[in-house]
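S.K.: what's the 3D shape of this:
(chains A and B, ligands or ions: 1)
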Amino acid sequence: MPLPDHDLMLAVRDGDLDCMGELFERHHGPLYGYLSKLTGNRAAAQDLCQTVFQRMLKYRHTYRDEGNFAAWMYHLARRCASDHFRRASSAPAPMDPTDLEAHADDAVGADEAAASKDDHALLHRALGRLDRADREVLLLSRLQELSFAEVAGILECSVGAARVRAHRALHSLRDHYFKLQKDPLT
Amino acid sequence: MTCNDCLEHVAGLAYGKLDERTAADVRVHLAACAACSRQFETLGLTLEALERLPSAPPSHRMRARLMGDIEAEKLDLQGRAGWAASIRSSAERRPASWLAPLLQAIAACALLAVGFLAGERTAGERAATERRLADLGAKVDTMGMLVEQSVLQKRDTVDRLQAVLTVGSSKRPDERVINGLINSLAFDSSVNVRLNALNALYGHAGQEVVRAGVLACLPREPNPLVQVSMIDFLVAAKAHDAAPELRKLAEDAKADTDVRESARRAMDLL
Ligand SMILES: [Zn+2]
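M.R.: Next up, the predicted model:
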């Protein structure tokens, strides 16, 4: 049986740094997916993903015995992403939140330009229309390995607030998405 | 459960985050209520679409960089834990050999960026270096002082390692590069860096200055693993003038047994 993430991270904390390689293999894909949907920017997601793993190594001593690896990883990811958004908003050309809609993901950007009917592109646009906090709570809540309590912990709010915000964000995404499906030109 | 109660939980159900009891109650209501059921369905469709949204795979560079970070942290740990741990872990696995192709790709310009070979520019300085290497025993007593003398010591271990690996991959390194490698072998505090510097010097074992440099480093080398590697090198380089130094090591009761054994074998071979 493969070791659970938590055990691997405890091993990393206790000096067996090679276990970080296994954690990377397991999690970099989903984490990158999360960050690229959150930022709407592939290059930024790549950098942020890298930074999260670097910080795991650097701050491995802060990982707690009773910790939840996924919650800890997304907590670090949130810190990194908010640094990114702060930098982006102080840059001359603001990147957020329309960035997601304007550039989408490079992977589907071409599709979007070519055929706005494309479902992926519509969803990207819908995602871009949420404000960042809604996008964040929604993308975290859809992760099966996190409970609402853990999402609340990551967002540093109460469980009730996390639940309400997740609810609102999903309704809002659905409304944008369905509206765009009916009329892609809106 | 009323429609209002149900709508409060319907997103939670779509996210898969309700406790079993509440989820069951909501399902009972959904089965009987078309309006709420429609809500649940559209939220679910939205999340499914999100699930299907492709995201381009992250680049392989990310993995390579992380492996570099892990290696750097390891070197750092070894540095802090001191020589004993460093020797143990170096002996356990061939240090950083798997890392070389990755780092070479990442740090193609590391040599320039790090300014690694800031050393000797003129023939006079080179001669001075060789004298310095030869006179190390007389001039310097402790590894601490050695470390202080080294310009390389000012860099991060991983930078030096990258530089050494990059230099090692270079097809026709000039004399300055070779002197830099000998300097690393003599002065660097990291076992990994010293071993990789030695590996990089194999391609130039035919040069007198390289053989002399390795020979000069041998009695100063504190790590048995590096010492044994140096002895192997001298044998491969057919450094016949190494015999007196090898005899001294073979007869040195304080030396590591592996080192003494290697020195004896090397004397036979030479
Ligand atoms: Zn109802």
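
S.K.: what pLDDT, on average, does stretch A:130-150 get?
M.R.: Summarised as a single mean, pLDDT over stretch A:130-150 is 95.

S.K.: and for that stretch, what's in contact with it?
M.R.: A:30, A:34, A:37-38, A:68, A:70-71, A:74, A:78, A:81, A:85, A:96-97, A:100, A:127, A:151, A:154-155, A:159, A:162-163, A:165-166, A:168-170, A:172-173, A:176, B:12, B:15-17, B:47, B:50-51 (CB atoms under 8 Å, 6 or more residues apart in numbering or on different chains). To be clear about C-beta, it is placed using only N, CA and C from the backbone, and glycine gets the same treatment.

S.K.: what helix or strand is the residue nearest the centre of chain A located in?
M.R.: Centroid-nearest residue in chain A, with CA atoms, centre = their mean: A:Y34, separated by 3.2 Å. Using DSSP states H and E, A:Y34 sits in helix A:19-39.

S.K.: would you put the C-alpha positions of that helix in PDB?
M.R.: Taking C-alpha atoms only, helix A:19-39 is exported to PDB below (Å, rounded to 0.1, in the frame of the first residue of the first chain):
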ATOM      1  CA  CYS A  19       9.600  11.800  -0.100                       C
ATOM      2  CA  MET A  20       8.900  15.300  -1.400                       C
ATOM      3  CA  GLY A  21       9.400  13.900  -4.900                       C
ATOM      4  CA  GLU A  22       6.500  11.500  -4.400                       C
ATOM      5  CA  LEU A  23       4.200  14.200  -3.100                       C
ATOM      6  CA  PHE A  24       5.100  16.300  -6.100                       C
ATOM      7  CA  GLU A  25       4.100  13.400  -8.400                       C
ATOM      8  CA  ARG A  26       0.800  13.000  -6.700                       C
ATOM      9  CA  HIS A  27      -0.200  16.600  -6.400                       C
ATOM     10  CA  HIS A  28       1.400  18.900  -8.900                       C
ATOM     11  CA  GLY A  29      -1.100  18.200 -11.600                       C
ATOM     12  CA  PRO A  30      -4.200  19.100  -9.500                       C
ATOM     13  CA  LEU A  31      -2.500  22.000  -7.900                       C
ATOM     14  CA  TYR A  32      -1.400  23.400 -11.200                       C
ATOM     15  CA  GLY A  33      -5.000  22.900 -12.500                       C
ATOM     16  CA  TYR A  34      -6.300  24.800  -9.500                       C
ATOM     17  CA  LEU A  35      -3.800  27.600  -9.900                       C
ATOM     18  CA  SER A  36      -4.300  28.000 -13.600                       C
ATOM     19  CA  LYS A  37      -8.100  28.200 -13.200                       C
ATOM     20  CA  LEU A  38      -7.700  30.600 -10.300                       C
ATOM     21  CA  THR A  39      -5.300  32.900 -12.100                       C
END
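
S.K.: what's that helix packed up against?
M.R.: Under the contact criterion of 3 or more CB pairs under 8 Å, 6 or more residues apart in numbering or on different chains; DSSP states H and E, helix A:19-39 touches helix A:5-13, helix A:42-58, helix A:69-90, helix A:132-141, helix B:60-81.

S.K.: least trustworthy helix or strand in chain B by mean pLDDT?
M.R.: Ranked by mean pLDDT, DSSP states H and E, the weakest helix or strand in chain B is helix B:110-114, scoring a mean of 28.

S.K.: hmm, back to that, buried sites along the helix holding A:Y34?
M.R.: The neighbour-count check on helix A:19-39 (16 or more other CB atoms under 10 Å in any protein chain shown) flags A:19-21, A:23-24, A:27-28, A:31-39 as buried.

S.K.: CA atoms only: put the longest helix along chain A into PDB for me.
M.R.: Once chain A is assigned using DSSP state H, the helix that runs over the most residues is helix A:159-182. C-alpha atoms of helix A:159-182 as PDB (Å, rounded to 0.1, in the frame of the first residue of the first chain):
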ATOM      1  CA  VAL A 159     -17.300  27.200   8.400                       C
ATOM      2  CA  GLY A 160     -20.700  28.800   8.000                       C
ATOM      3  CA  ALA A 161     -19.200  31.600   5.900                       C
ATOM      4  CA  ALA A 162     -17.300  29.200   3.800                       C
ATOM      5  CA  ARG A 163     -20.400  27.200   3.100                       C
ATOM      6  CA  VAL A 164     -22.500  30.300   2.200                       C
ATOM      7  CA  ARG A 165     -19.700  31.700   0.000                       C
ATOM      8  CA  ALA A 166     -19.200  28.300  -1.800                       C
ATOM      9  CA  HIS A 167     -23.000  28.100  -2.300                       C
ATOM     10  CA  ARG A 168     -23.200  31.600  -3.700                       C
ATOM     11  CA  ALA A 169     -20.100  31.200  -6.000                       C
ATOM     12  CA  LEU A 170     -21.500  28.000  -7.500                       C
ATOM     13  CA  HIS A 171     -24.900  29.500  -8.200                       C
ATOM     14  CA  SER A 172     -23.200  32.500  -9.700                       C
ATOM     15  CA  LEU A 173     -20.900  30.400 -12.000                       C
ATOM     16  CA  ARG A 174     -23.900  28.400 -13.100                       C
ATOM     17  CA  ASP A 175     -25.900  31.500 -14.000                       C
ATOM     18  CA  HIS A 176     -23.000  33.000 -16.000                       C
ATOM     19  CA  TYR A 177     -22.300  29.700 -17.700                       C
ATOM     20  CA  PHE A 178     -25.900  29.000 -18.700                       C
ATOM     21  CA  LYS A 179     -26.400  32.600 -19.800                       C
ATOM     22  CA  LEU A 180     -23.400  32.400 -22.100                       C
ATOM     23  CA  GLN A 181     -24.600  29.000 -23.400                       C
ATOM     24  CA  LYS A 182     -27.800  30.600 -24.400                       C
END
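
S.K.: would that helix count as contacting chain B?
M.R.: Yes. Under the criterion of CB under 8 Å from any CB of the partner chain, chain B is reached by helix A:159-182 at A:R163, A:A166, A:H167, A:L170, A:H171, A:L173, A:R174, A:Y177, A:F178.

S.K.: secondary structure element holding the closest residue to the third one other than its chain neighbours?
M.R.: Going back to what we said before, that points to A:H167. Nearest residue to A:H167, sequence neighbours excluded (CB to CB, 6 or more residues apart in numbering or on different chains): B:A11, at 4.0 Å. Applying DSSP H and E as the criterion places B:A11 in helix B:3-15.

S.K.: pull out the buried positions in that helix.
M.R.: B:C6, B:L7, B:E8, B:H9, B:V10, B:A11, B:G12, B:L13, B:A14, B:Y15.

S.K.: can you redo those residues as TSV with pLDDT?
M.R.: Shown next, in TSV, are those (pLDDT from 0 to 100):
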residue	pLDDT
B:C6	95
B:L7	93
B:E8	92
B:H9	94
B:V10	95
B:A11	96
B:G12	96
B:L13	96
B:A14	97
B:Y15	96
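
S.K.: just to revisit the earlier point, and the longest helix of chain A, how far out from the chain middle?
M.R.: 16 Å (CA atoms, centre = their mean, to the nearest Å).
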